[in-house]
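**Q** have a look; sequence and predicted model below, questions after that.
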Amino acid sequence: MAKAAVRAGLVAVGLAWVLVAQVVLAADAKTYVLEGSKAATLESCVEPTDVMRRKHMELIKHQRDETVHGGIRSSKHSLAGCVACHIRSDAEQGPTPIHHKDEFCGACHAFAAVNLNCFDCHASVPKGPDAELASHAAFQAVGGDRSVQARPDGEDH
Amino acid sequence: MKDHHESTDHPVDTGPADSGRRAFMGVAAGVTAAVVAPGVVLHSVTAAPRSEAVTSDVRWGLLIDTAKCVDGCSACVEACDRENGLNLQTKPEGASQGHWDDQKAVWIRKVKLQDNQTGRVTNLPMMCQHCENPPCVDVCPTGASFKRADGIVMVDRHTCIGCRYCMMACPYKARSFIHKVMEEQLTLVPRGKGCVESCNLCVHRRDFGQESTACVDACREAGHEAIVFGDLKDPESNIRKHLAEMSSRQIREDLSLNTGVRYSGI
Ligand code: SF4
Ligand code: SF4
């Protein structure tokens, strides 16, 4: 009898911990999505947050081969899409490179002690005359068009 | 259209269910692609990204009319530098200009040929010739050098180990090696230290359905029209029509590489 009570107690404590941990983690995660980025205005990333946290490197890795070898640029998992959505820019300074320590990729990777080198080769801010094409393609692939806003007055059609 | 637009505009802010939101996104994408203001959107409509892998139904190539290529003009080289971010390279501190000129990445070189007998001088732009049987691919130990199904030869920088075998194997001196850390790249043209690179026929333009390459556009804008880009497999294409009319040659024909870049007037 006593054993069962202890066991139930332990289970309850365990459950409570899981709950607390989730809340803490969720609060923690908020700090990584930065104010002023497009991502901050959206409900979720291209996949649910927990999937993105654990698997973003696999998602990006798989689509890189499709892009480089197959020329497929409409994948919903695209590094250009990550950058376009998570970059924080203010009017004066322009966009801040996303791999810097206080920015989206850099902050989390510093926390997790991951030495990322995507940005040794990939642009860390949206850049170039056609920069919007790449991110635009990624947004379209998830069924949205977040880089171009329709005019609210409807004058455009 | 106006009504349609307003009615769909509403749920984006207040839509309760995620599925509704996603359905809306789908609609919105269609709407914006079709109707939003010129400028930005025209761009995204004409430049739909490729969603199916490239096939060998096409083979991209260039035809260069050396009679029209002007001595001293470097419009194509400069346009290539801008398009692919080569102009973002900076000379390392302490390096001499001569050393830097040797080391920096170059995708197109203007080459001057002189016939020693007659003194006749010909100018021609030289870039990766997009060989059908590319020696660079043969020698690459990692598979990083590869030929896409549509004939574009390029380097997958994710797998390139920087051994530079391909640079040795290429008969056209078409490839460059990045020696120093790159601080700046363009979104559509990733490039960085330790990898080999060369002309990729503006592969990002191909994948977004654009019609020409940066060098072709620049040459036309400079008033010379010395370069034609197109599908070598399509008998109706501009490049095939030109090839049917004028005699053309491959450089180092003796190597039987069946290059995708052809020259006339040499
Ligand atoms: S020109 Fe050189 S780099 Fe280009 S495909 Fe031929 S061998 Fe390879
Ligand atoms: S330098 Fe890179 S692309 Fe060239 S042969 Fe070596 S691994 Fe292949």
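**A** Received it, and whenever you're ready, just let me know what you need. Ligands and ions are numbered 1, 2, ... in the order given.
**Q** what are the ranges of the strands in the stretch 1-150 of chain B?
**A** B:60-65, B:109-114, B:121-126, B:145-147 (DSSP state E, counting those that start in this stretch).
**Q** mind putting those strands into JSON lines with mean pLDDT, distance to A:Glu43 and mean neighbour count?
**A** In this view, the C-beta of every residue, glycine as well, is placed from N, C-alpha and C. As requested, the strands of the stretch 1-150 of chain B are arranged in JSON lines below (pLDDT from 0 to 100; distance: least, Cβ to Cβ, whole Å; neighbours: other Cβ atoms under 10 Å in any protein chain shown):
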{"stretch": "strand B:60-65", "mean pLDDT": "97", "distance to A:Glu43": "41", "mean neighbour count": "24"}
{"stretch": "strand B:109-114", "mean pLDDT": "94", "distance to A:Glu43": "51", "mean neighbour count": "13"}
{"stretch": "strand B:121-126", "mean pLDDT": "95", "distance to A:Glu43": "50", "mean neighbour count": "18"}
{"stretch": "strand B:145-147", "mean pLDDT": "98", "distance to A:Glu43": "39", "mean neighbour count": "21"}
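**Q** wait, which of the ones you listed is closest to A:Arg73?
**A** strand B:60-65 (16.2 Å; Cβ to Cβ).
**Q** just give me the residue right at the centre of chain B.
**A** In chain B, the C-alpha nearest the mean C-alpha coordinate belongs to B:Cys202, at 1.7 Å (Cα atoms, centre = their mean).
**Q** find the nearest non-adjacent residue to it, please.
**A** With sequence-adjacent residues excluded and distances taken as Cβ to Cβ, 6 or more residues apart in numbering or on different chains, B:Cys202 is closest to B:Thr213, at 4.3 Å.
**Q** show me the helices in chain B, by range?
**A** Per DSSP state H, chain B carries helices over the ranges B:2-14, B:18-35, B:40-46, B:75-83, B:97-103, B:135-139, B:165-169, B:203-207, B:214-221, B:238-245.
**Q** to clarify, my last question referred to chain A.
**A** Using DSSP H, helices in chain A cover A:2-30, A:49-70, A:79-86, A:104-111, A:118-121, A:131-141.
**Q** packing partners of the second one?
**A** So that's helix A:49-70. If contacts are counted by 3 or more Cβ pairs under 8 Å, 6 or more residues apart in numbering or on different chains; DSSP states H and E, helix A:49-70 sits against helix A:79-86.
**Q** next one: the helix it packs on to chain centre, how far?
**A** Centroid separation for helix A:79-86 versus its chain: 8 Å, with Cα atoms, centre = their mean, to the nearest Å.
**Q** can I get it in CSV, CA atoms only?
**A** Taking C-alpha atoms only, helix A:79-86 is exported to CSV below (Å, rounded to 0.1, in the frame of the first residue of the first chain):
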residue,chain,number,x,y,z
LEU,A,79,18.7,28.1,-45.6
ALA,A,80,17.8,31.3,-47.5
GLY,A,81,14.3,31.0,-46.0
CYS,A,82,15.7,30.6,-42.5
VAL,A,83,17.8,33.8,-43.0
ALA,A,84,15.0,35.8,-44.6
CYS,A,85,12.5,35.0,-41.8
HIS,A,86,14.8,35.1,-38.8
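**Q** who's in contact with it?
**A** A:33-34, A:37-39, A:42, A:45-46, A:56, A:60, A:64, A:98, A:103-105, A:118, A:122-126, A:131-132, A:134-135, A:137-139, A:141, A:146-147, B:187-188 (Cβ atoms under 8 Å, 6 or more residues apart in numbering or on different chains).
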